[in-house]
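Engineer: Let me see the structure of the following:
(3 chains)
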Amino acid sequence: MKTNHIQTTINGDVTEFLCNADESLLDVLRDRLGMTGAKEGCGTGDCGACSVTLNGRLVCSCLVLGVETEGAEIQTIEGMANGDNLHTLQRVFLEEAALQCGICTPGILIAAKSLLEKNPNPTDTEVRYWLAGNLCRCTGYDKIIKAVQTAAAEMRGA
Amino acid sequence: MALDTPKRDFKIVGTRVPRPDGIDKVTGKAAYGADITATGMLHGRILRSPHAHARIISIDTSAAEAAEGVKAIVTSADFATPDDAGIRDIRDNCLALDKVLYDGHAIAAVAATSKSAAKAAIRLIRVEYEILPHVTDVDAAMKPDAPIVQSGRAFESVPAGMSQNVHSHVEFGHGDLDAGFANADKIIERTFKTAATHQGYIEPQACMANLGADGRGELWCCTQGQYMVRENCAAILGIEASQLRVTSSEIGGGFGGKTTTFIEPVALALSRKSGKPVKIVMTREEVFRATGPTVSTSMDVKIGMKNDGRITAARAELRYQGGAFPNHTVEFGAQAAFAAYDLAAVQTLGWGVMTNRPKEVAYRAPGAPTAIYAVESVVDELCQQLNLDPLDVRLLNAARKGTLSAYGPTFNEIGLVATLEAAKNHPHYTAPLGENQGRGLSCGFWFNFGGNTCVSLNLNSDGTVGVVEGNPDIGGSRASISMMAAEELGIPYDKVRTVIADTTSLGFNDVTDGSRVTFAVGLATIEAARAAKNEMCARVAKLWGIDTDAVQWEDGSVKPAGPNAGEHAPMSIADIAAIADETGGPIAGHHEVNADGAGVSFGVHLVDTEVDPETGATTVLRYTVFQDAGKAVHPDYVEGQMQGGAVQGIGWALNEEYIYGDDGLLQNASLLDYRVPVASDLPNIETVILEIPNPGHPYGVRGVGETPIVPPLAAISNAVSRAAGIRLTELPMSPPRILHAITQRRDG
Amino acid sequence: MVKVKLWGSLRQFADDQEWVDVDASNFKELLDQLSHLYPALRPKIERGVSLAVDGVIYRNAWFTQISDENEIVLMPYMVGG
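Structural biologist: Below you'll find the predicted structure:
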């Protein structure tokens, strides 16, 4: 199979990679770029563990082909903290124990950040529907929803 | 075992400290099963049966071997013969022996230089099958003329003349049932069915194996127990346990489903054959088709009650299928069924049955949720028919200290009555309900275990402490273990770091199961800390030139025990650590135990639901969990267990099921079609933690992880049945099933 | 002598008795004696059983002391999730 040369920007850094036409963005991130923060829970877009943003839009990276990302801006969990300063969502998730095993956490953080950029003051129902594509099997979602709201309130105040 | 009165006055235990693995988990740095690579590694892929039941006539791997990039192919012929029958079954589930027993059963595996090469090579393996008749339903599998899944597997307790698929039979109970039923004012007998559900961990099984021809190897994998993996793999590969080092990765959920091995022996065999590291990561479809769902069931429950709510007699007959191999799950269900009740006459029968489905694996309180669902449904219906308050009836009949339990022993200290009273006094119980709404409640129970546990606690030269324990941290246990060590030593929480050992670094530890870690690892940590404190006291006594019993430990320091011990300034852990070299060398404490005394656990769940009479769809409006934790070491993670277990149970009640076609093939092997609860399905899950100390633990801790999945099935079913005005007896209560029941009621 | 309670489906292997008298002072002696007195119990005992002493469940623990003062109940060997 012919490999393709792709140039993108990932977390603000210009990044080049080679990939086959059938490789997903998730495979590229994990297998070619060593960025394993996005997780593969299903490979079919059902669990949200691989969530990233592509040109500002929340996507499942398992449903995007690597070759589609030429010239794109990608944000992953690896770029969410600013150096040793955690993003408010990351810090509040820790403070409020919004994770147990943590496998869904990168995807949920990316999705929650994307929500708050569009809607800084969501209702609980809006948070629950926005995160409906991100499965968590440990927490029952309760502490996740509360943490998103705490972070949202803090971010609005800042 | 510490059986003195548990400590109740804490400085650190009971607070909500940050978890030590937290930053790695919110920044994407934490390494889970699939997150590592090795130099020169190959990718493994497994060929699986497309048939529910077939004899393997031949396997031709020649075309696959010749394919580009293929370095090794293995079948069951590459495995050894373990002595242990249970491990032989695990082996035969990892790669089929002479028959494929279910859709998805592994047959052969390929290691190749890329994922795509391995995937392509799998398709080149030619398997010739003789297709056999199959059976996937528990009642059908018990019929004398049912297709036989495996012959000669029945235990001695199974009466002669039954289908060979029936592998086990148990009976528990006491008292005169006939007299009890004769004395009842009202008797209800119902039959229930529940579908198999999957643990649904978000991280598929993944491992990296590196095994040399000399039998020395390394294995990295996501598991609930690295020692279990080592024992299974060493036996299946025919190597010595000492030569296989297993390291557990961070684990992305397990819920019981990672208490066995599937891909690890296969990856090791491929690595041994190819001479290279081999990584295998399961797809979600493989997870559904070939890893651990729980049992599906068919159950009869009959309960007699007086007009005042007193239960006079109770009987249950449970039929559990657990896939293609024998298992013991029905034993636990049969023992747990009536555990919440003080009964003069009770009998529970259990039948374990094989079918052409994947080998059942433990799922959170295995066996208990379904049995208790059936029992609590009948109790609720009796309350409805006799116009009695369902909480009052449970209080009237509640098991308490001194009750002869339905499973045999007499209860010691248990927290059921306090938990029921907490539910009764909670505003949720009396909140008004609207049209098409119903309130349900259910008790839940689980045994909880201790088990084999090793902990080493090392004092560092700067006075900080390292704890080494052997159980994968599945939901914050490194935090709770560090908290107990800090509490016992009287030092701040952040002075302790807890790490998970690989299999060479500690003695054997049982898997993270049975709600055992906070209890048993906590107990061993406290004992290890006490051993280190004794050593520190001895060192200081020697330094001061007085007897060891003339010094005492207080607030993280060694002090003179009284005025006769002389004038000595207290020495802190840091002071003692600084002179460890000069006073005899490094200071450590360790503890090895097969812990018992875990203490059974009860919970009560209250739920309000609304059922749409036009569509049969259920909305969960309000949910409250009441549970006895003995002592909540880290309340956030105790609440998290209660909330997470409740939501898994809600999924079991409303959505989740394994659906098999007449062809015996699984029809919904994806997270789209096997629908676990999502955030928008749910309300907040309120929690009320009760703390009735467990006398078997120095801090009074009880396991909390499993009990919360037990009550939701009946709590939701009781709420839906009251909301819909008709008793539902089958799970999941999907909208079509509820609509059908409503329509039948309307049509009379 | 201690009295040991057998669960229902074990009784057929011990002359249909619910309670059996066994000369044992710990769990190991109890298992050995049960296997000796009622050989049909042996397969189940070898696959694993638990013991409840005064309501506390012990899964292995051969040296657990028992006496005629204790309530002793045999239970299946158990695992969890």
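
Engineer: Just the element for whatever residue of chain A ends up closest to chain B, please.
Structural biologist: Closest residue of chain A to chain B, Cβ to the nearest Cβ: A:G37 (2.1 Å). Any C-beta I mention is one placed from the backbone N, CA and C, and that applies to glycine too. Taking DSSP states H and E as the definition, A:G37 sits outside all helices and strands.

Engineer: quick one: contacts for it?
Structural biologist: Each residue near A:G37 by Cβ atoms under 8 Å, 6 or more residues apart in numbering or on different chains is listed here: A:76-78, A:106, B:27-29.

Engineer: Give me the phi and psi for it.
Structural biologist: A:G37 adopts backbone torsions of phi -70, psi -40, taken as degrees, to the nearest 10.

Engineer: And it, what's its pLDDT?
Structural biologist: On pLDDT, A:G37 comes in at 98.

Engineer: show me the residues around the spatially closest residue to it that is not a sequence neighbour that make contact.
Structural biologist: Nearest residue to A:G37 in three dimensions, chain neighbours excluded: B:G28, at 2.1 Å (Cβ to Cβ, 6 or more residues apart in numbering or on different chains). Shown in contact with B:G28 (Cβ under 8 Å, 6+ apart): A:35-38, A:76-78, A:80, A:106.

Engineer: Please tell me how far B:G28 sits from A:F17.
Structural biologist: Plainly put, B:G28 is 18 Å away from A:F17 if you go by Cβ to Cβ, to the nearest Å.

Engineer: cool, B:I56 as well?
Structural biologist: For B:I56 relative to A:F17 (Cβ to Cβ), the value is 42 Å.

Engineer: Same question for B:H43.
Structural biologist: Applying Cβ to Cβ to B:H43 and A:F17 gives a distance of 19 Å.

Engineer: B:S274 too?
Structural biologist: Taking Cβ to Cβ, one finds B:S274 at 27 Å from A:F17.

Engineer: the more surrounded of these two?
Structural biologist: B:S274 (21 against 18; other Cβ atoms under 10 Å in any protein chain shown).

Engineer: I'd assumed B:M41 was in contact with the more buried one.
Structural biologist: No. Using Cβ atoms under 8 Å as the test, B:S274 is too far from B:M41 to be in contact (10.0 Å).

Engineer: list the helices and strands the longest helix seen in chain A packs on?
Structural biologist: For chain A, the helix with the greatest residue count under DSSP state H is helix A:142-157. Counting contacts by 3 or more Cβ pairs under 8 Å, 6 or more residues apart in numbering or on different chains; DSSP states H and E, helix A:142-157 is packed against helix A:88-95, helix A:105-118, helix A:124-130, helix B:635-654.

Engineer: Give me the below-cutoff pLDDT ranges for chain C.
Structural biologist: C:80 (pLDDT under 70).

Engineer: Can you pull up the residues of it that come close to chain B?
Structural biologist: Applying Cβ under 8 Å from any Cβ of the partner chain, we find that chain C lies next to chain B at C:5, C:7-10, C:12-13, C:40, C:43-44, C:47, C:52, C:54-61, C:64, C:71, C:73-81.

Engineer: OK, now which residue of chain A is nearest to chain C?
Structural biologist: Residue nearest to chain C within chain A: A:R137 (13.1 Å; Cβ to the nearest Cβ).

Engineer: give the contact list for that residue.
Structural biologist: A:104, B:199-202, B:253, B:255, B:644, B:648, B:676.

Engineer: now B:A235
Structural biologist: B:A235 sits next to B:80, B:82-84, B:87, B:91 when contact means Cβ under 8 Å, 6+ apart.

Engineer: Of the residues you listed, keep whichever come out buried.
Structural biologist: Taking 16 or more other Cβ atoms under 10 Å in any protein chain shown as the criterion, what is buried in those is B:82, B:87, B:91.

Engineer: these two touch, right, the second one and B:R230?
Structural biologist: No. With contact taken as Cβ under 8 Å, B:I87 and B:R230 are classed as non-touching, separated by 11.7 Å.

Engineer: Contacts only, for the residue nearest the centre of chain A.
Structural biologist: In chain A, the C-alpha nearest the mean C-alpha coordinate belongs to A:I110, at 3.2 Å (Cα atoms, centre = their mean). With contact set as Cβ under 8 Å, 6+ apart, A:I110 has these partners: A:51-53, A:58, A:75-77, A:80.

Engineer: Next step: the residues you listed restricted to helices.
Structural biologist: Going by DSSP H, the helices hold none of the contacts of A:I110.

Engineer: so which of the residues you listed also contact chain B?
Structural biologist: Among those, proximity to chain B is found for A:76-77, A:80 (Cβ under 8 Å from any Cβ).

Engineer: so which of these is the most crowded?
Structural biologist: A:I77 (27 neighbours).

Engineer: ok, it - contacts?
Structural biologist: By Cβ under 8 Å, 6+ apart, the contact set of A:I77 is A:37-38, A:52, A:106-107, A:109-110, B:27-28.

Engineer: could you redo the last one with a cut-off of 7 Å?
Structural biologist: Listed by Cβ atoms under 7 Å, 6 or more residues apart in numbering or on different chains, the contact set of A:I77 reads A:37-38, A:106, A:109-110, B:27-28.

Engineer: Put together a markdown table for the residues you listed, with distance to B:S515 on each row.
Structural biologist: Shown next, in a markdown table, are those (distance: Cβ to Cβ, whole Å):
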| residue | distance to B:S515 |
| --- | --- |
| A:G37 | 31 |
| A:A38 | 32 |
| A:P106 | 28 |
| A:L109 | 29 |
| A:I110 | 32 |
| B:T27 | 30 |
| B:G28 | 30 |
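
Engineer: ok, of those residues, which one's closest to B:D462?
Structural biologist: Ranked by distance to B:D462 (Cβ to Cβ), these are led by B:T27 at 26.9 Å.

Engineer: Excluding chain neighbours, what is closest to that closest one?
Structural biologist: Nearest residue to B:T27, sequence neighbours excluded (Cβ to Cβ, 6+ apart): A:A81, at 5.5 Å.

Engineer: Tell me how many other residues crowd the one you found.
Structural biologist: A:A81: 17 surrounding residues under other Cβ under 10 Å.

Engineer: for the one 4 residues further on, same thing?
Structural biologist: For A:N85, the tally of surrounding residues (other Cβ under 10 Å) stands at 9.

Engineer: What are the phi and psi values at it?
Structural biologist: phi -100, psi 110.

Engineer: What is the burial count for residue 24?
Structural biologist: Since no chain was named, I'll use chain A. Residues near A:S24, counting by other Cβ under 10 Å: 21.

Engineer: wait, chain C
Structural biologist: Neighbours of C:A24 under the rule other Cβ under 10 Å: 19.
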